[in-house]
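1. Here is my input; please provide its structure:
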Amino acid sequence: VGICLLLGVSISVLSGLIPAIKAARITPLDALRPSVADVNYRKQTGIFFLIGSIFIGVGILLLFSDQMSWIAAGAFAFLLGLVCITPAVVRPFALLFGKIIARIYHRQGIGELAQGNMARHPGRTAITVSATLLGLAVAVAAGTLVSSVSISVANLIKISMGSDYLLVPPSVSLWGTNIGASADLEQKLRAVEQVDVVSSLRFAESKVNENSVSVLGINPHDYPWAGGLTFVDGSESDYDQLNDGRSMFVNSIFAMTVGAKKGDVIELATTDGRKPYRVAAVVNDLLNAKVTTVFISQKNMEKDFQVTEDIFIQVNLKENADINAADAAIKTAASGYDQFTVISGKEYSQSLMNQLQTAFSGFYFLLILLAVPSLLAMLNTLSIAVIERTREIGMLRAVGATRKQIRQMMTVEGLLLAAFGTILGILGGLYLGFLFVKGIGTFMPSEYIFPLSGVLAALIIGLSFGILAAVIPSRQAARLDVIRALRYE
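-> The predicted model follows:
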């Protein structure tokens with residue numbers, strides 16, 4: 001709250017102070033010579049274009065850095081660069097797209113008028129475009145992040161929870177609070193005629209450099225067939241390495257916290273002192289997505305941690321197995337183990353998917369709200385343009401322009417403003433989205449997904465806002481009284 005108050009007041013003061021300083025520096029002679037002012041403006045935009053180009057280049061270079069602090073700085077530089085180059089490209093953009101619109105309204109001359117009006121005050125146009133740019137950039141980036149994370153988590157759900165049956169303890173991920181079961185339960189499940197694969201997890205606590213670590217013991221032979229892991233650095237062939245001496249898989253959070261990578265040797269605190277374990281792969285899974293976790297073989301778990309109890313069990317059935325008979329037999333085998341709840345893996349996965357969709361569904365509405373400031377900025381710019389051009393609009397009406405043509409001229413201006421801001425906003429959003437996904441991928445599963453639907457939505461929203469912003473000013477301009485408009489000073 002304090003930061004918001006400080007920023008709100010500071011930005012408001014600067015918004016008035018900067019134009020006041022510029023106005024105070026204008027001499028009467030300069031004000032009477034618009035051509036000189038135009039030359040000065042071109043010099044300023046040339047400098048800003050150079051500075052903006054440098055910032056954009058720095059932002060792109062920093063994207064390839066492995067340090068998140070540098071990547072974040074690159075994102076700021078990239079957006080700042082887009083804002084800086086905006087004034088310099090207003091007129092080229094207006095010229096290019098103005099010609100396209102001029103072909104649609106060739107006989108009426110509306111395209112040329114809208115193009116000239118947009119380029120007449122490139123500074124004001126650039127500020128309006130910047131508001132659209134920033135709003136849509138954040139919206140597209142957030143949409144990219146949501147899409148990428150949701151798809152990545154959905155894939156994790158299918159991989160990690162894809163078995164036919166799950167024996168789930170009361171607490172998932174916080175394994176230390178659960179009561180385990182002896183190997184007898186696993187043997188009973190394997191004895192069921194319809195069962196093909198049984199895989200279990202065993203848990204122990206450890207430390208690495210004062211960092212608490214969850215150690216999970218798996219059977220490297222069975223685990224890939226009943227559950228599975230997503231490999232960040234490595235492949236499924238690395239499962240065999242878990243049986244080769246002291247080797248382990250580490251998840252992304254462990255790799256980031258400890259600074260470990262594939263091939264490193266890390267000492268784990270065990271009941272017999274510290275033991276060296278070699279990192280065979282970097283992996284992720286759904287159950288431990290937020291916990292610093294390593295995976296070792298159950299053989300090493302028993303040898304170094306003296307743990308033989310299972311705290312989570314997955315069961316896969318044989319192909320064409322009798323589901324009803326399997327269901328009854330599995331529940332009978334687990335009947336004496338009240339610490340577990342037997343559930344269908346498909347039903348559990350679907351419930352997690354539904355929760356995921358519900359969690360993200362409301363987020364898309366918030367993304368639309370992020371673009372609202374751009375609508376207000378365009379509305380403000382177009383309204384001011386009507387006031388400043390009152391006499392000009394009166395002259396157009398006097399020489400034969402219809403109310404419809406005046407409304408169309410203002411609408412085209414709104415579309416040009418919206419199109420310019422939307423294009424730059426999408427560019428900035430794609431950069432930020434890639435940055436967000438790359439950043440979050442350092443501590444949770446995420447894969448960059450190109451936001452095609454988000455780009456299309458941004459185009460529709462941006463252009464729609466341009467039309468909406470032009471509604472009130474266009475009606476205001478069309479309703480001007482011709483005589484009063486010609487007398488306006």
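2. Could you look up the SS state of residue 342?
-> strand (DSSP: H, G, I helix; E, B strand; the rest coil).
3. Tell me who's in contact with the closest residue in space to residue 251 that isn't next to it in sequence.
-> Take residue 251 and drop its neighbours on the chain: the residue closest to it by CB to CB, 6 or more residues apart in numbering is residue 293, 4.7 Å away. Heads up, the C-betas are built off the backbone N, CA and C, glycines and all. Neighbouring residues of residue 293 by CB atoms under 8 Å, 6 or more residues apart in numbering: 213, 214, 215, 216, 250, 251, 253, 254.
4. Roughly how far does residue 293 sit from residue 213?
-> 7 Å (CB to CB, to the nearest Å).
5. on that earlier part again, present the contacts of residue 293 as CSV; the columns should include pLDDT.
-> Listed next are the contacts of residue 293 as CSV, based on pLDDT from 0 to 100:
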residue, pLDDT
213, 93
214, 93
215, 95
216, 94
250, 94
251, 90
253, 87
254, 90
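6. So which of these sit within helices?
-> 253, 254 (DSSP state H).
7. how about CSV for the contacts of residue 293, with distance to residue 200 added?
-> Shown next, in CSV, are the contacts of residue 293 (distance: CB to CB, whole Å):
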residue, distance to residue 200
213, 20
214, 15
215, 14
216, 10
250, 20
251, 19
253, 23
254, 21
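8. of the contacts of residue 293, closest to residue 91?
-> Checking the contacts of residue 293 against residue 91 with CB to CB, the nearest one is residue 253 at 50.2 Å.
9. For that closest one, give its distance to residue 482.
-> 70 Å.
10. Show me which of these two is the more surrounded one.
-> Legend: neighbour count by other CB atoms under 10 Å for residue 253 and residue 482, higher for residue 253 (20 against 14).
11. my guess is residue 177 contacts residue 171, does it?
-> Yes - in this structure residue 177 lies within contact range of residue 171 using CB atoms under 8 Å: 4.8 Å.
12. before we move on, back to that, list the residues that contact both of residue 293 and residue 213?
-> residue 254.
13. tell me, what residue is most central in this protein?
-> Central residue of the chain (CA atoms, centre = their mean): residue 145, 2.1 Å from the mean position.
14. low-scoring pLDDT stretches of the stretch 301-450 of the chain, where are they?
-> Counting by pLDDT under 70, the stretch 301-450 of the chain shows low-confidence ranges at 367, 370-371, 374, 441-446.
15. what ranges do the helices span in it?
-> 323-333, 345-370, 372-388, 390-398, 403-440 (DSSP state H, counting those that start in this stretch).
16. need the helices for the stretch 101-250 of the chain, in chain order.
-> 110-120, 122-160, 183-190, 223-226.
17. Residue 463 is nearest to which of these?
-> helix 122-160 (10.6 Å).
18. counting contacts, what elements does that closest one pack onto?
-> helix 34-62, helix 68-104, strand 230-233, helix 345-370, helix 372-388, helix 403-440, helix 452-478 (3 or more CB pairs under 8 Å, 6 or more residues apart in numbering; DSSP states H and E).
19. Just the buried residues of it, please?
-> Using 16 or more other CB atoms under 10 Å as the test for burial, helix 122-160 gives 122, 124-150, 152-154, 156-157, 159-160.
20. Report the rounded mean pLDDT for it.
-> Helix 122-160 shows a mean pLDDT of 78.
21. Kindly calculate the angle that it makes with helix 345-370.
-> For helix 122-160 against helix 345-370, the angle by axes from the mean of the first three to the mean of the last three CA atoms, to 10 degrees is 170 degrees.
22. Next, the angle from helix 122-160 to helix 403-440.
-> 50 degrees.
23. Work out the gap between helix 122-160 and the centre of the chain.
-> 5 Å (CA atoms, centre = their mean, to the nearest Å).
24. If I look at the residue nearest to residue 251, what pLDDT would I see?
-> pLDDT, residue 293: 93.
25. try the one 5 residues further on
-> As predicted, residue 298 sits at a pLDDT of 93.
26. Can you tell me how far it is from residue 425?
-> 52 Å.
27. more neighbours, these two?
-> Neighbour count, other CB under 10 Å: between residue 298 and residue 425, residue 425 has more, with 31 against 23.
28. wait, what's in contact with the more buried one?
-> When contacts are counted by CB under 8 Å, 6+ apart, residue 425 touches 132, 133, 134, 135, 136, 137, 139, 140, 374, 458, 462.
29. Quick one: the residues you listed as JSON lines, columns for distance to residue 94 too.
-> Below are the contacts of residue 425 laid out as JSON lines (distance: CB to CB, whole Å):
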{"residue": "132", "distance to residue 94": "15"}
{"residue": "133", "distance to residue 94": "16"}
{"residue": "134", "distance to residue 94": "21"}
{"residue": "135", "distance to residue 94": "21"}
{"residue": "136", "distance to residue 94": "19"}
{"residue": "137", "distance to residue 94": "21"}
{"residue": "139", "distance to residue 94": "25"}
{"residue": "140", "distance to residue 94": "24"}
{"residue": "374", "distance to residue 94": "18"}
{"residue": "458", "distance to residue 94": "21"}
{"residue": "462", "distance to residue 94": "17"}
